[in-house]
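Enquirer: what follows is a predicted structure for the sequence shown.
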Amino acid sequence: NAGVTQTPKFQVLKTGQSMTLQCAQDMNHEYMSWYRQDPGMGLRLIHYSVGAGITDQGEVPNGYNVSRSTTEDFPLRLLSAAPSQTSVYFCASSREAAEPYGYTFGSGTRLTVV
Amino acid sequence: EDQVTQSPEALRLQEGESSSLNCSYTVSGLRGLFWYRQDPGKGPEFLFTLYSAGEEKEKERLKATLTKKESFLHITAPKPEDSATYLCAGRGGATNKLIFGTGTLLAVQP
C-alpha cells in the first residue's frame, strides 16, 4: 500500500516557468488537498477536492491551478513560477473532508524558484 | 481571526525527562483538534484527534489533552526516537478547514 505519492521530490524552476506537481493516492480517498509549508508559518491550504470533478480554493490559491479527473490523482499546476512560490508542497488525502482519523500526507516536493 | 499558536518553538530534553507541548487555539466552532508528528524531509503523520474539553488520548509515551482554550501534548520519559516536529491543527471557523500551528521542534538527547 503506497499511500500518497508525490513527484518530484525536488525541483528548481526559473521565474516564469510552469510545472506540475504530481500527487497520487491508492486508498480510494475522496478528499484530497494541497498545502504549502514555509518556515515560521503553519501549513497553508492551497486547493482541495471532495471528489472527482470537484475542486475548490483554499487559503492561498493565487498562482496555482488544480483539476481532479480521477479519484486517484490530484495534480497541482504552477502557471508562471515566482520566487514567492519557493516552498515545500504537501499533498494530503482522507476518506472525507471531516475525517476524524486525520489526513494521510505525502512526503513532499521541495520547490525552489530562482 | 481563527488562529492556532504552539509553544515553545523548540524544546530540548534529556532522555527520560518528561515535558509538555502547548497548543493554544482561537478557532470558532472547533470541530476537532489534531496532533501530527513530522520528521525531517517527511510529511506530517497523524497522531490524535480530540473533540471536546476534558478528552484525553494516549499512544505509547504521548498523551494529548484538550481544554476550551488549549491542548497539551504530554511526553512521558521521552526517547531519542521521539525527536521530531509536533504540529497542532484545529478544524473549524468559517471554512471548516484545518488551521495549523507552526509546530514545536522537539530534540531528545540520549
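Expert: Okay, I see it. Numbers count the residues shown, from 1 in each chain, chains lettered A, B, ... in the order given.
Enquirer: can you give me phi and psi for residue B:76?
Expert: phi -100, psi 130 (degrees, to the nearest 10).
Enquirer: next: residue A:83.
Expert: According to degrees, to the nearest 10, residue A:83 has phi -50, psi -30.
Enquirer: skipping its backbone neighbours, what lies nearest it in space?
Expert: residue A:113 (5.0 Å; C-beta to C-beta, 6 or more residues apart in numbering or on different chains). For the C-beta atoms, the positions are set from N, CA and C on the backbone; glycine is no exception.
Enquirer: now residue B:46
Expert: residue A:102 (3.0 Å).
Enquirer: tell me the pLDDT of the residue nearest to residue A:83.
Expert: pLDDT for residue A:113: 98.
Enquirer: how many other residues sit next to the nearest residue to residue A:75 once chain neighbours are set aside?
Expert: Computed as C-beta to C-beta, 6+ apart, the closest residue to residue A:75 that is not its neighbour in sequence is residue A:20, at 5.0 Å. The number of residues packed near residue A:20 is 13, by other C-beta atoms under 10 Å in any protein chain shown.
Enquirer: I'd like the average pLDDT over the helix or strand harbouring residue A:20.
Expert: According to DSSP states H and E, residue A:20 maps onto strand A:19-25. The pLDDT scores in strand A:19-25 average 98.
Enquirer: report the buried residues of it.
Expert: By neighbour count on 16 or more other C-beta atoms under 10 Å in any protein chain shown, the buried set for strand A:19-25 is A:21, A:23, A:24, A:25.
Enquirer: moving C-terminal of that strand, what's the next helix or strand?
Expert: strand A:31-37.
Enquirer: check which helices and strands that following strand is in contact with.
Expert: On a contact count with 3 or more C-beta pairs under 8 Å, 6 or more residues apart in numbering or on different chains; DSSP states H and E, strand A:31-37 meets strand A:19-25, strand A:44-51, strand A:87-94.
Enquirer: again, only this time at 6 Å
Expert: Of the remaining helices and strands, those touching strand A:31-37 by 3 or more C-beta pairs under 6 Å, 6 or more residues apart in numbering or on different chains; DSSP states H and E are strand A:44-51, strand A:87-94.
Enquirer: residue 46 - how many residues pack around it?
Expert: Using chain A here. So residue A:46, with other C-beta under 10 Å, has 23 neighbours.
Enquirer: I was after chain B.
Expert: For residue B:46, using other C-beta under 10 Å, the count is 17.
Enquirer: same deal with the one 10 residues further on?
Expert: For residue B:56, the count of nearby residues is 12 (other C-beta under 10 Å).
Enquirer: which residues touch the lowest-mean-pLDDT helix or strand in chain B?
Expert: Of all helical and strand segments in chain B, the minimum by mean pLDDT, DSSP states H and E falls on strand B:97-100, at a mean of 91. Strand B:97-100 is contacted from outside by A:42, A:43, A:45, B:2, B:4, B:27, B:87, B:89, B:90, B:91, using C-beta atoms under 6 Å, 6 or more residues apart in numbering or on different chains.
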